[in-house]
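[1] One predicted model, sequence on top.
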Amino acid sequence: MRRTALAALCLAAAATAGLTGCLPGQNSADDKPKGPFAGLTGGDIADRAMKATTDATSLRMTGDVRDDESSGTIRIDMALNKKGECAGTMAMGGQGKADLIKTGDTVYMKYDEAFLRAQGKGDSKSDTDAVVAMMAGKWTKMAAKGKDAKDIAGFCDLDSVLADAKNVNSDATRGETTTVDGTPAIVLHEKDGKDRYTLYVATQGKPYLLKVTSTSKKDPGTITFTDFEKRVPADAPKGKVLDLDKLGG
């Protein structure tokens, strides 16, 4: 059960990295663009956005990504940094949620009953009931380098999550200006065959990537990026914590 839950969260990370990778777009330059980023092509702006975003030491990702295993949607809301710390939640399309904190060499997770029962499909009712009674609503912990937690620990490393977004050399095209949660932004468009990608880049301050929307059949979804350079609230849970490594023998 733990491996299934961890794999789902890692899948969300992989999808996010793919979206921010900026697949090739239309190979055309904008004709003397004016306004924000005057004189720059859409590709120039996208490249600057990727650099600013991947240079950030911390950020928060929120959005929905496809889970190929269940053909459903994973909702993620996660703050993470380049120290390998993270804190946030993962919800499995109406099948409950899990909270995650990774700090130091330890991964902490807390599952609700719906999540545990969804992950326990195929197990006997008595086994699932026992797991729910033991774990639902309680913080658990595992060593970050353990076999059941190492993939999750990798997800918590911002450098790893955004690795595919570096050195993109995008050829995106410029769109209109807009706002994303009140922040002025410019819209960029990219395509790869029939797939379409829309990027929203901040036009004030550093040109951070604020949002990416994908209509790709393989990786549809929307991810927003906020809280750049803010502290990640990766504080170890207080009170009793269930040690899953000890339970595993």
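    Arrived safely, thanks for sending.

[2] from here on, contacts and neighbour counts on C-alpha atoms
    Noted.

[3] Low-confidence stretches in the protein?
    Within the chain, the segments meeting pLDDT under 70 span 1-35, 67-71, 166-169, 248-249.

[4] quick one, strands of it?
    Counting by DSSP state E, the chain has strands at residues 58-67, 72-81, 86-92, 97-103, 106-111, 139-143, 173-180, 183-192, 195-202, 209-214, 221-226, 242-243.

[5] got a list of contacts for the third one?
    Going back to what we said before, that points to strand 86-92. The list of residues contacting strand 86-92 from outside it, by Cα atoms under 8 Å, 6 or more residues apart in numbering, reads 9, 72-80, 97-103, 115, 156-157, 232-234.

[6] how about 6 Å then?
    Residues from elsewhere that reach strand 86-92 (Cα atoms under 6 Å, 6 or more residues apart in numbering): 74-80, 97-102, 156, 234.

[7] Mark which of those are buried, thanks.
    Using 16 or more other Cα atoms under 10 Å as the burial test, the contacts of strand 86-92 include 74-80, 97-102, 156, 234 as buried.

[8] Could you check how many residues crowd around Gly193?
    Gly193: 9 surrounding residues under other Cα atoms under 10 Å.

[9] Could you report the distance from it to Lys217?
    With distances taken as Cα to Cα, to the nearest Å, Gly193 is found 11 Å from Lys217.

[10] Tell me which of the strands of the chain sits nearest to Val132.
    Within the strands of the chain, the stretch nearest Val132 is strand 106-111; the backing value is 9.0 Å (Cα to Cα).

[11] Tell me the bridge partners for Ser214.
    On DSSP bridges, the residues paired with Ser214 through beta bridges are Tyr197, Gly221.

[12] ok, it - contacts?
    197, 220-221.

[13] so can I have a markdown table of those showing distance to Val187 and neighbour count?
    Below are the contacts of Ser214 laid out as a markdown table (distance: Cα to Cα, whole Å; neighbours: other Cα atoms under 10 Å):
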| residue | distance to Val187 | neighbour count |
| --- | --- | --- |
| Tyr197 | 10 | 24 |
| Pro220 | 18 | 19 |
| Gly221 | 17 | 22 |
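
[14] could those residues be laid out in a markdown table, adding distance to Ala38?
    As requested, the contacts of Ser214 are exported to a markdown table (distance: Cα to Cα, whole Å):
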| residue | distance to Ala38 |
| --- | --- |
| Tyr197 | 22 |
| Pro220 | 31 |
| Gly221 | 30 |
